[in-house]
Structure formats: C-alpha cells, structure tokens
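Engineer: Okay, predicted coordinates and the sequence, questions at the end:
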Amino acid sequence: MSHEVKIKKPPFRQLRGYAFDPSLSNKIDTAVINNIIYKVPWEDECPESEGADPDHGLRPGPVGEYIEVIDFDPTVKKFYAPVDLNSKYLLAQNGLEPSESNPQFHQQMAYAVTMTTIKNFENALGRQIMWSPQTIETEVKGNKLLSVARHAKTTLVDHYIPRLRIYPHAIRDANAFYSPQKKALLFGYFSSQPAESTIQMPNSLVFTCLSHDIIAHETTHAILDGIYRKYTEDTNPDVLAFHEAFADIVALFQHFTFPDVLKHQIAKTRGELASQNLLGELAQEFGSAIGGYGALRDAIGYVDPETKTWKVREPTGSEYHTNLEPHARGSVLVAAVFEAFLTIYKSRVADLLRIATGGSGILPQGELHPDLVNRLASEASKSARHILTMCIRALDYCPPVDITFGDYLRAIITADSDIVSYDLHDYKVAFIDAFRRRGIYPSGINSLSIESLCHPVVEDDRLENLFRILSDFLREFRSDIMYENDRRSIFDITRNYIAGRYNGNKEENIDGLHRRLYLDFQNSPEFEKLTGLIFSGDNEKLGIRTKYTYDTKGPSFGISSLKLASRVGPNGNISNRIIISLTQRAGFKVTEDRNGDAIVKPFVPLSGQSSTRDELTLTGGATLIFDLDSLKLKYAISKPMLDMNALAKNNRRLNHTRALQLNEYLNGGSAEQNKYEAYFGLGRQFNANEPFAFLHNK
C-alpha cells in the first residue's frame with residue numbers, strides 16, 4: 001500500500017555568489033571563503049497561465065515580487081539573456097557558478113544580495129518593505145479621493161511601485177547608484193587603474209554588480225528612501241551623510257551572516273576583531289581599482305599611502321565637526337556603530353577567553369583551537385545580528401525630516417528600550433560611549449544617561465482625550481492590515497486610510513486620517529505642542545500655505561506614512577506599534593535688523609516653488625508611535641516648525657533656530673556645498689533628481 005508523501009515548499013532558495021567581490025577569489029588566503037551560498041526567501045515559479053498574478057512568482061530575469069533585473073548594456077546596445085533560476089539544472093547546483101565573465105551570474109549575484117538585504121530589513125522592522133512610490137499628477141474623476149479639494153481638476157497621487165529595477169550593466173563608469181526617479185539600482189563597470197600593478201591587474205574589468213558591499217549599500221538606499229522620502233533633502237550636513245553611513249552599516253554587518261567567512265577572520269585575527277580584517281572593510285576590489293591602497297572604506301582603520309601599512313583609526317572627537325563631505329562624515333557614524341559592536345563582542349567573549357587562557361587573558365602562540373574559534377564566531381554573529389537589528393529598528397523612531405546623528409542615537413536607545421526590558425550586555429551604554437568619543441551629541445537633552453536619551457512617554461491627559469477620537473480608526477486599520485501579506489493590497493489599504501476613499505456608497509466610504517487630523521485637530525494648542533507643527537489659525541503669517549478642502553480651509557500638511565510594526569523581543573515579548581509620520585513646510589527668508597542681527601521673515605511660497613538663495617523652505621515633521629494593544633499614543637518625535645520655547649509662553653512663531661541653521665548651511669559657501677549646488681542648481685534641496693549618482697561618482 002503506497003502513501004503519497006507531501007513535500008513542503010523550501011523556505012530558502014540557495015544561490016552561489018561572492019561573499020565580498022571577485023578579487024578575493026584570486027588570492028590564496030581568501031579564495032577558500034569568498035565563494036558562498038546565499039539563502040534567499042523562496043519564490044515559486046510564476047505560472048504562465050492566463051490571468052496569473054504578475055506581482056507574484058519568480059520569472060527569468062530574475063523578476064520576482066520585490067525586484068526586476070533588466071540586463072541591458074547601453075554601451076554595446078545589447079540585452080543579455082535573463083537567467084532562469086527555476087531551471088532544474090540550476091536548482092540542482094545552487095545556481096550558476098561564480099564568474100566575472102558570465103552576465104547571467106551577474107544577474108544572479110545582484111538578485112541574491114538584494115533579497116538577502118530585504119530579508120534582514122523585514123525581520124528587524126516587523127513588516128514588509130515598500131519601495132518609494134511614484135508621485136504622479138492625476139486627473140480628478142468624480143472626486144473619489146476625499147483629501148482633494150472639491151474644485152480641483154488634478155492632484156498628486158502616489159502610485160505603487162511593485163518592484164525595484166536592477167540594471168547590472170547600466171553605465172561604463174566607476175559608479176553605482178540608486179535612482180529615486182527611476183526607482184532603480186544602476187551598476188557600472190570600468191577598467192581598473194590601480195596605484196601599483198602588484199595590487200591589481202591594470203585595465204582589468206571591474207563589475208560593481210559583483211560586489212556584495214556595493215549591492216547591499218545601494219539596496220539600502222532604496223529601502224531607506226521607501227521609509228523616509230525626505231531624507232534625500234540636503235537640509236543639514238548629517239542628512240546625506242546618514243544615508244551613506246546607514247547603507248554602509250547594513251553592508252558591513254551582513255558580513256557576519258557568512259559563517260565560514262566569520263570563522264576564517266576570527267582565526268586569522270585570533271579573535272581580535274579590532275585589528276585589520278575583512279569584516280570591517282567595504283568594497284576591497286573597487287577601492288584598489290580606483291587607485292587606493294585598500295578597501296573603499298574601512299570602519300576600523302586605514303592604509304597609510306606613504307608607508308603602505310594599515311593603521312588603526314583612533315577617534316579624536318573632532319571628526320564629526322570638521323568633515324562635511326557626506327562619505328567622510330558618514331564614516332564617523334559607521335565607526336561609532338562598529339566600535340559599539342566591538343565593545344559588546346568583547347564583553348560577550350570575555351569569559352571564553354578567561355577559560356581558554358586559564359585566567360591570564362593571554363592566548364598561547366599558534367592557531368586557536370577550532371572549538372574556541374566556533375564559539376567566538378557564534379558570539380560575534382549574535383552581537384552583529386543584534387546591532388544590525390537595533391540600527392534598522394531605530395528607523396521607526398526617527399523624525400521624518402532633517403535627521404541628525406544625534407537624532408539617530410536617541411532613536412536607537414528609545415527603540416531598544418521599547419522592546420528590551422533588561423539590557424544584560426549594556427548594548428545601549430556601548431552605543432552612547434562610542435558616540436560620545438566622537439563628539440556626537442543630541443540636542444535638547446541634559447545628560448547622556450539612557451533615561452535622558454529615551455524619548456519621553458506621552459502622559460498628558462488632555463492629549464489622551466484628544467487621541468481617543470482616533471482609537472476606532474486605528475483599530476480598524478489594525479484589523480484590515482495585520483494579516484495582509486500582499487504588498488500591493490497593503491499599499492492600497494494604507495493609502496485609503498490616509499487619504500480616504502469615496503465610492504458612492506455611504507457604507508463603503510472611508511474617512512481618511514488626513515481628514516480627521518485636518519478637521520478634528522485644528523485650533524488645538526495641545527496638538528501643536530505635541531508635534532511642533534502648525535494646526536491653528538494665522539498659518540500664513542508663519543509661512544504655511546492654506547489648504548482649501550473638506551469644505552473648509554486650514555494649514556497645509558502631509559501624512560508621509562502610516563504603518564504597522566510587530567516585533568518580538570529577546571524575551572519573547574511582543575511589541576505592536578502603529579507609526580504615523582506628519583510633514584509640513586513653511587517659506588522664509590533671512591534679513592538683518594538695524595543692529596545687523598539676522599531675523600527670520602516667513603512668507604507663503606507658491607505651490608511647487610523651489611528654494612532659492614534668498615527664499616528658503618523649512619520642513620518640519622513628527623513621528624507619532626501608538627501602542628497597538630492599548631491604542632494609546634506612546635511617543636511623539638518631532639522636528640518642530642514652531643519655536644517650542646516661545647510656544648510655551650503663548651508666542652507662536654516659526655522655529656528661528658532651525659531656519660537660521662538651514663540658511664547658514666545652504667548659503668555658507670563650503671566647498672562641498674558649492675559642488676553640490678553646481679550639480680543641482682539653486683533649487684537643490686528639493687530638486688535633487690539623482691543625488692546618489694552625484695555622491696557616488698568617483
């Protein structure tokens with residue numbers, strides 16, 4: 001009697017690729033660890049039947065649910081045949097063998113690393129990632145969007161982007177970048193020009209799409225743009241530097257997910273990860289191909305161009321205040337995070353080293369015992385995974401605009417405190433100390449204690465009554481989206497809950513969040529004090545446009561995101577949050593009074609008007625975090641439009657401090673700002689079409 005055995009769908013698709021880049025496979029000491037197997041989330045083969053869902057399933061390209069690889073090389077005007085990862089022969093051998101000359105392997109490599117990066121983000125955020133939508137001017141038909149004024153003929157509508165496009169051979173240049181306009185990753189290839197012929201073969205082709213670090217870096221740019229679209233606006237020296245630093249952090253800590261690489265480097269450094277090692281380096285091949293003596297960037301040290309020797313980079317405390325170029329400034333944040341990791345790693349392995357050395361702390365000469373290497377690697381992997389999760393999870397606790405490194409430190413501490421009740425290994429203290437050693441301090445706090453750095457929990461009874469009107473709305477949103485797995489449906493549901501939807505049937509109407517805030521929170525001093533945004537009268541005197549909609553008028557504002565986050569803490573505790581991000585803009589110009597002191601004069605900018613040297617736009621925003629279980633507001637994280645000290649004295653005025661800082665930064669005339677302005681023009685902060693193409697151009 002035969003019984004049919006049901007075979008379960010595999011959780012992962014295994015694909016071969018490079019752990020770093022092709023150059024390490026050509027060196028005797030690293031060749032053994034550079035070829036690895038990526039485990040990416042399994043996607044079923046897309047059925048060819050008529051009516052099959054185009055958003056699901058894996059097709060040749062690869063084209064899947066999240067990404068679409070299009071391999072056209074414009075320099076030779078040629079499409080390369082797409083790889084079919086569902087081929088039974090490729091499935092049997094874990095994909096194509098790593099190859100520098102095979103375009104189909106290039107496609108496979110880009111897919112494997114991109115999907116690995118997406119998986120890490122989703123695990124940390126507790127939700128599926130969405131690409132930044134395409135905002136398109138759309139004709140209003142039947143006024144189906146309740147957020148649109150009755151007389152409007154057109155409106156700007158966010159359109160769903162199902163897949164990020166990847167072009168492995170997009171340009172013949174030493175560059176790779178994420179395009180916010182194209183919603184695509186564009187990878188270049190070029191002929192190497194090493195400083196010395198012994199470092200790398202001169203004029204050999206270097207493909208950026210074969211570097212794990214470059215692919216992960218660019219993918220992170222795209223994911224971050226999907227979370228905070230305003231982070232491409234160059235409003236202070238930290239904004240673009242944060243984009244670069246955060247992308248490097250993700251690429252670096254993904255190194256620790258490769259077991260054989262980790263064990264190899266632990267053995268080589270004898271467990272001392274603060275010394276030179278591959279785990280702290282980014283884009284080795286690219287760095288040497290453009291004339292460097294080491295990796296493109298190194299979180300721990302650098303190669304002295306004169307002595308050709310590697311040296312540890314010790315913090316001086318002045319780096320943060322003197323470096324304005326985004327990569328150099330971003331490297332300060334990367335170094336701080338990596339130092340926090342090293343501190344935690346040393347704490348976790350201290351007992352192992354005491355046991356291995358009989359309490360002396362001095363390891364004997366010779367190779368480390370394999371069992372010790374395995375245990376050290378296990379602790380390094382756990383520490384790195386926790387650090388990466390903390391860094392990604394902190395994004396939900398950041399302001400939606402004008403981020404600084406200090407804001408990010410507060411976000412890390414608050415996010416971790418929100419889910420981890422007991423910090424056994426002092427993770428938060430390690431972060432605080434590493435930031436302090438580089439002179440990075442948040443504004444608006446009195447000390448560097450964990451209590452001061454955590455954003456305060458909202459406990460105002462008046463606000464509690466105010467937000468009670470949103471409880472049913474949030475409960476309905478939670479019910480509709482909590483068990484939805486289809487990304488397009490999640491996007492549509494969220495957009496409807498933000499903007500509202502009118503279908504002619506009163507029972508099907510959705511009163512959107514924007515309408516609720518617009519009508520119910522106007523003339524609310526409590527809401528203004530909470531968010532720092534302008535929701536009451538005289539908004540035009542403060543530089544805020546008036547919006548005529550919902551048969552009434554009021555100050556203009558936007559809702560940039562509404563999202564659900566469900567996370568599990570280390571003790572099994574579950575954290576469910578609803579996160580709302582609000583944004584608002586005001587026009588202003590800076591003049592001088594009789595004494596020559598700078599004064600801020602608000603004005604209402606025209607719709608769609610960009611900044612000039614004389615007339616600038618100040619962007620404010622607030623992130624509201626609700627406890628999903630109690631449906632109470634827990635945190636309000638704000639970049640205020642209003643001067644909060646003046647507001648406490650019942651004096652409503654624009655935030656002069658932020659306005660003057662923005663004016664000084666944009667009109668300060670630094671060398672880097674002048675280069676940025678020459679590339680983008682005077683409207684640069686809001687018209688930067690391809691900021692990463694400029695920033696990554698070597």
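Structural biologist: The structure has been received and is ready for your questions.
Engineer: How are the helices of the stretch 1-150 of the chain distributed by residue range?
Structural biologist: 31-34, 88-92, 103-125 (DSSP state H, counting those that start in this stretch).
Engineer: Asn323 is nearest to which of those helices?
Structural biologist: With C-beta to C-beta as the measure, helix 103-125 is the member of these nearest Asn323 (26.6 Å). For the C-beta atoms, the positions are set from N, CA and C on the backbone; glycine is no exception.
Engineer: most packed of the helices of the stretch 1-150 of the chain?
Structural biologist: For the helices of the stretch 1-150 of the chain, the largest average neighbour count (mean count of other C-beta atoms under 10 Å) is found in helix 103-125, namely a mean of 23.
Engineer: so Asp371 sits in a helix?
Structural biologist: Yes - secondary structure of Asp371, determined by DSSP: H, G, I helix; E, B strand; the rest coil: located in a helix.
Engineer: And it, how far from Pro259?
Structural biologist: Per C-beta to C-beta, to the nearest Å, Asp371 is found 15 Å from Pro259.
Engineer: same check, this time on Phe473
Structural biologist: 46 Å.
Engineer: These two - which one has more neighbours?
Structural biologist: Between Phe473 and Pro259, counted using other C-beta atoms under 10 Å, the more crowded position is Phe473 (17 against 14).
Engineer: can you pull the pLDDT of the more buried one?
Structural biologist: As summarised for this prediction, Phe473 has a pLDDT of 84.
Engineer: Looks to me like it is in a helix.
Structural biologist: Yes - with three-state DSSP as the criterion, Phe473 is part of a helix.
Engineer: Pipe the helices of the stretch 1-150 of the chain into JSON lines and attach mean pLDDT and distance to Ile392 per row.
Structural biologist: Formatted as JSON lines, those follow (pLDDT from 0 to 100; distance: least, C-beta to C-beta, whole Å):
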{"stretch": "helix 31-34", "mean pLDDT": "92", "distance to Ile392": "26"}
{"stretch": "helix 88-92", "mean pLDDT": "94", "distance to Ile392": "31"}
{"stretch": "helix 103-125", "mean pLDDT": "96", "distance to Ile392": "4"}
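Engineer: Quick one: those as a markdown table, columns for distance to Lys589 too.
Structural biologist: A markdown table is the format used below for those (distance: least, C-beta to C-beta, whole Å):
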| stretch | distance to Lys589 |
| --- | --- |
| helix 31-34 | 56 |
| helix 88-92 | 61 |
| helix 103-125 | 39 |
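Engineer: can you tell me which of these comes nearest to Pro364?
Structural biologist: Proximity to Pro364 (C-beta to C-beta) singles out helix 31-34 among the helices of the stretch 1-150 of the chain, at 24.7 Å.
Engineer: Can you list the buried residues in stretch 203-214?
Structural biologist: 206-214 (16 or more other C-beta atoms under 10 Å).
Engineer: same thing with stretch 518-529?
Structural biologist: Buried residues in stretch 518-529, counted by 16+ other C-beta under 10 Å: 518, 521-522, 524, 527-529.
Engineer: Quick one: mean pLDDT over the one helix or strand Ala586 maps to.
Structural biologist: Taking DSSP states H and E as the criterion, Ala586 maps to strand 574-592. Per-residue pLDDT values across strand 574-592 average out to 90.
Engineer: C-terminal to it, what's the next element?
Structural biologist: Counting by DSSP H and E, the next helix or strand C-terminal to strand 574-592 is strand 598-603.
Engineer: which neighbours does that next one have in its sheet, and in what orientation?
Structural biologist: strand 574-592 (antiparallel) (DSSP bridges).
Engineer: Quick one: residues contacting the residue nearest the centre of the chain.
Structural biologist: The structure's the chain has its C-alpha centroid closest to Leu224; by C-alpha atoms, centre = their mean the separation is 3.0 Å. Residues near Leu224 by C-beta atoms under 8 Å, 6 or more residues apart in numbering: 231, 243, 246-247, 395.
Engineer: quick one: the nearest residue to Ser443 once chain neighbours are set aside and Ile440, what's the gap?
Structural biologist: Counting by C-beta to C-beta, 6 or more residues apart in numbering, Gly406 is the residue found nearest to Ser443 once chain neighbours are left out, at 6.1 Å. Taking C-beta to C-beta as the measure, Gly406 and Ile440 are separated by 6 Å.
Engineer: Pick out whichever of the two has more residues nearby.
Structural biologist: Per other C-beta under 10 Å, whichever of Gly406 and Ile440 has more neighbours is Ile440, with 22 against 18.
Engineer: other SSEs contacting the helix or strand encompassing Ile249?
Structural biologist: Assigned by DSSP H and E, Ile249 belongs to helix 237-254. With contacts taken as 3 or more C-beta pairs under 8 Å, 6 or more residues apart in numbering; DSSP states H and E, helix 237-254 sits against helix 103-125, helix 212-227, strand 281-282, helix 326-356, helix 370-393, helix 405-419, helix 691-695.
Engineer: could you redo the last one with a cut-off of 6 Å?
Structural biologist: Contacts defined by 3 or more C-beta pairs under 6 Å, 6 or more residues apart in numbering; DSSP states H and E place helix 237-254 against helix 212-227, helix 326-356, helix 370-393.
Engineer: would you list those helices in JSON lines and tack on mean pLDDT and distance to Ser191?
Structural biologist: Formatted as JSON lines, those follow (pLDDT from 0 to 100; distance: least, C-beta to C-beta, whole Å):
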{"stretch": "helix 212-227", "mean pLDDT": "96", "distance to Ser191": "17"}
{"stretch": "helix 326-356", "mean pLDDT": "93", "distance to Ser191": "23"}
{"stretch": "helix 370-393", "mean pLDDT": "94", "distance to Ser191": "34"}
